[in-house]
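Student: sequence plus the predicted model coming up.
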Amino acid sequence: MSPKWICTLIVAASVSAHAAPESEHKPSDLDLLLGIGQSSLSKLDSVHHQVKDQANVLISNALSLIGVPYRRGGNSAETGFDCSGLVRAVYAESWGKILPRRAEEQAAATDKIEKAELKPGDLVFFNTMRRAFSHVGIYMGDGKFIHSPRTGKTVRVENMDIAYWEKRFDGARRVELSDEARAKLMEQVNLDGAEAQDLIGRVMSKTTMRLN
């Protein structure tokens with residue numbers, strides 16, 4: 001397909017879209033070429049915003065816990081958190097997703113991604129105790145993450161790019177939505193079946209979450 005033909009198609013599609021009455025609007029040739037009708041485009045945009053909202057909720061809930069003291073084995077804001085307890089609590093409250101209790105178990109139960117693919121809400125792991133995946137936090141964006149560090153410290157946001165964390169970085173993971181949250185998302189955008197999977201697939205590569 002030559003560049004000249006593509007340009008001609010785009011111009012023709014644009015003219016056709018402006019000429020047709022809104023009540024009789026049909027997907028343009030360009031939309032059909034891409035395999036996306038106007039209805040699907042609208043739903044795709046809706047899915048994108050819903051998914052982004054889900055990530056924002058998670059980040060907001062995590063930030064609300066800044067200042068909570070570290071407590072080994074801790075699972076609540078009232079008594080304190082250790083690193084994996086914080087992650088588990090935030091995901092449970094935000095997405096209804098129950099992650100395993102220990103950091104290494106959380107790494108095993110989630111999807112491996114590259115550091116360059118990190119998006120807000122992803123998990124970041126570090127080797128702080130001379131063993132893999134001994135520490136975990138939630139990525140916030142802009143190279144920062146929130147975590148519960150150690151005894152005597154509190155939940156805080158830190159920069160992953162400082163030498164200490166960069167040297168100990170152990171990998172990144174992405175968490176899937178719970179079945180309950182996934183069903184709610186589908187209901188909000190009026191999607192089901194194969195159409196849902198197709199549209200969600202287009203969005204997930206650019207957002208925090210991945211759905212089966």
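Tutor: All right, it came through fine.

Student: alpha carbons only for contacts and neighbour counts from here, please
Tutor: Will do.

Student: quick check: which element contains the residue nearest to Glu114 when sequence neighbours are not counted?
Tutor: Distances taken as C-alpha to C-alpha, 6 or more residues apart in numbering place Ala172 nearest to Glu114, at 6.4 Å, with adjacent residues excluded. In this structure, Ala172 sits in strand 169-174 according to DSSP states H and E.

Student: output the contacting helices and strands for that strand.
Tutor: Contact partners of strand 169-174 among helices and strands, from 3 or more C-alpha pairs under 8 Å, 6 or more residues apart in numbering; DSSP states H and E: strand 111-113, strand 123-126.

Student: on that earlier part again, tell me the pLDDT at the residue nearest to Glu114?
Tutor: As summarised for this prediction, Ala172 has a pLDDT of 98.

Student: could you chop the protein up by domain?
Tutor: The record's domain parsing of the chain by automatic domain parsing lists 1-34, 36-212.

Student: contacting residues around Arg102?
Tutor: By C-alpha atoms under 8 Å, 6 or more residues apart in numbering, the contact list for Arg102 reads 84-85.

Student: and if you look at Ile146?
Tutor: The contact partners of Ile146, taken as C-alpha under 8 Å, 6+ apart, are 62-63, 137-140, 155-158.

Student: mind listing the strands for the chain?
Tutor: Along the chain, counting by DSSP state E, strands occupy 75-76, 80-81, 111-113, 123-126, 135-141, 144-147, 156-159, 169-174.

Student: what about stretch 57-75, start to end distance?
Tutor: The distance separating the two terminal residues of stretch 57-75, taken as C-alpha to C-alpha, to the nearest Å, comes to 19 Å.

Student: who touches it?
Tutor: Contacts for stretch 57-75 (C-alpha under 8 Å, 6+ apart): 77, 79-83, 85-86, 88-91, 93-95, 120-121, 140, 146, 148-157.

Student: how about 6 Å then?
Tutor: The set of residues external to stretch 57-75 that reach it, using C-alpha atoms under 6 Å, 6 or more residues apart in numbering, is 80-82, 85, 90, 94, 148, 150-151, 153-156.

Student: do stretch 116-130 as well
Tutor: Outside of stretch 116-130, the residues within contact range by C-alpha under 6 Å, 6+ apart are 133-141, 168-174, 208.

Student: separation between Ala116 and Gly171?
Tutor: The span separating Ala116 from Gly171 equals 11 Å under the rule C-alpha to C-alpha.

Student: who has more neighbours, these two?
Tutor: Each of Ala116 and Gly171 had its neighbours counted (other C-alpha atoms under 10 Å), and the higher figure belongs to Gly171 (18 against 7).

Student: who's in contact with that one?
Tutor: Phe125.

Student: this protein: helices as residue ranges?
Tutor: Along the chain, the stretches classed as helices by DSSP state H are 3-19, 29-34, 38-63, 83-95, 103-108, 163-168, 179-188, 193-204.
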